[in-house]
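*Asks:* Structure of the sequence below:
(one chain, ligands or ions: 2)
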Amino acid sequence: MPSIKRLALIGSGSGTTADAVATATAIEAEVAIIIGNNSKSGIFDVAARHGIQNVHLSGVTHPDPVLRDSSMLDALSEAQVDLIVLAGYMKKIGPRVLRAYEHRIVNTHPALLPAYGSTGMYGDRVHEAVLHDRAPTTGATVHLVTEEYDAGPVLAQVPVHVLASDDVSSLRGRVQLAEKKLLVDWLSDWATTGKILPAARAPGHQLNET
Ligand SMILES: Nc1nc2c(c(=O)[nH]1)N[C@@H](CN(C=O)c1ccc(C(=O)N[C@@H](CCC(=O)O)C(=O)O)cc1)CN2
Ligand SMILES: NCC(=O)N[C@@H]1O[C@H](COP(=O)([O-])[O-])[C@@H](O)[C@H]1O
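*Replies:* Numbers count the residues shown, from 1 in each chain. Ligands and ions are numbered 1, 2, ... in the order given. Okay, here's the model as predicted:
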């Protein structure tokens, strides 16, 4: 009988994405650890509500980025994590964690990458840029995490039409609703199949099986 897969959720903000994953009964995996870099982040409320072990790792708790990276790796290894999910995490994942979890870190981004991605493109800044450009469509992306922000292979995307009446708040609301469904559906498939398959490639080209 295969053991149940173990997830890590890493975030910085209000934690609604982490809450969607932690409460999703469709995902046959357990959240083994929650890591946050902001002690006031809602992700720690998610941990408390669900009784999930959690670690605060930041530039304050660990000023040395090398130690921060290795401390994150230690926490993930100890929790015997199979897949890392970045759920609104605003800092770069370091080389040690990237190497140890190659092809096993996914991120959810509130736009249709490669559009509106990379350094400086996070949170409401993404929606502001979409509205500034009068883009007719935006959306959400689940992608593999690599060294550079938002540069990894796309695993899943969902489009969201931009309405003439949209402001940042209304657009954020619709994008985040679609984003949570996209992530939960993708995690539900992964928990069942163990496959991590780039969106644009035929079956049989999966990057790995866990
Ligand atoms: N090695 C990687 N780490 C992270 C990735 C990644 O693809 N590779 N994705 C991000 C998540 N993200 C977009 O989805 C993202 C988050 C933050 C930024 C950014 O510009 N951050 C600022 C700092 C913001 C702050 O301190 O609040 C910066 O680095 O200057 C871009 C993209 C998570 N980690
Ligand atoms: N580039 C990264 C980025 O912008 N991430 C975005 O931050 C929000 C976090 O919300 P939450 O804290 O309520 O889950 C989410 O919309 C996520 O896509």
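
*Asks:* Which positions in this structure make contact with ligand 1?
*Replies:* Neighbours of ligand 1 within the chain, by CB under 6 Å from any ligand atom: 86, 89-93, 107, 109, 119-122, 145-147, 149-150, 152. The C-beta positions use only the backbone N, C-alpha and C, and glycine is treated the same way.

*Asks:* Any quick PyMOL command for the buried ones out of those?
*Replies:* This is the PyMOL syntax for the buried subset of the residues of the chain next to ligand 1, where burial follows 16 or more other CB atoms under 10 Å:
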select buried, resi 86+89+93+107+109+121+122+145+146+149+150+152
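
*Asks:* From the residues of the chain next to ligand 1, which land in strands?
*Replies:* Among those, DSSP state E puts Leu86, Asn107, His109 in strands.

*Asks:* got the contact list for the residue lying closest to Glu28 once chain neighbours are set aside?
*Replies:* Leaving aside its chain neighbours, Glu28 sits nearest to Ala191 (4.4 Å; criterion: CB to CB, 6 or more residues apart in numbering). By CB atoms under 8 Å, 6 or more residues apart in numbering, Ala191 lies in contact with Lys5, Ile27, Glu28, Ala29.

*Asks:* What strand or helix carries Ala191?
*Replies:* helix 168-193 (DSSP states H and E).

*Asks:* Buried ones in that helix, by neighbour count?
*Replies:* Neighbour-count burial for helix 168-193 [16+ other CB under 10 Å]: 171-172, 174-176, 178-180, 182-191.

*Asks:* coming back round to it: of the ones in strands among the residues of the chain next to ligand 1, closest to Asn37?
*Replies:* Leu86 (11.2 Å; CB to CB).

*Asks:* what's the distance between Gly59 and ligand 2?
*Replies:* 18 Å (CB to the nearest ligand atom, to the nearest Å).
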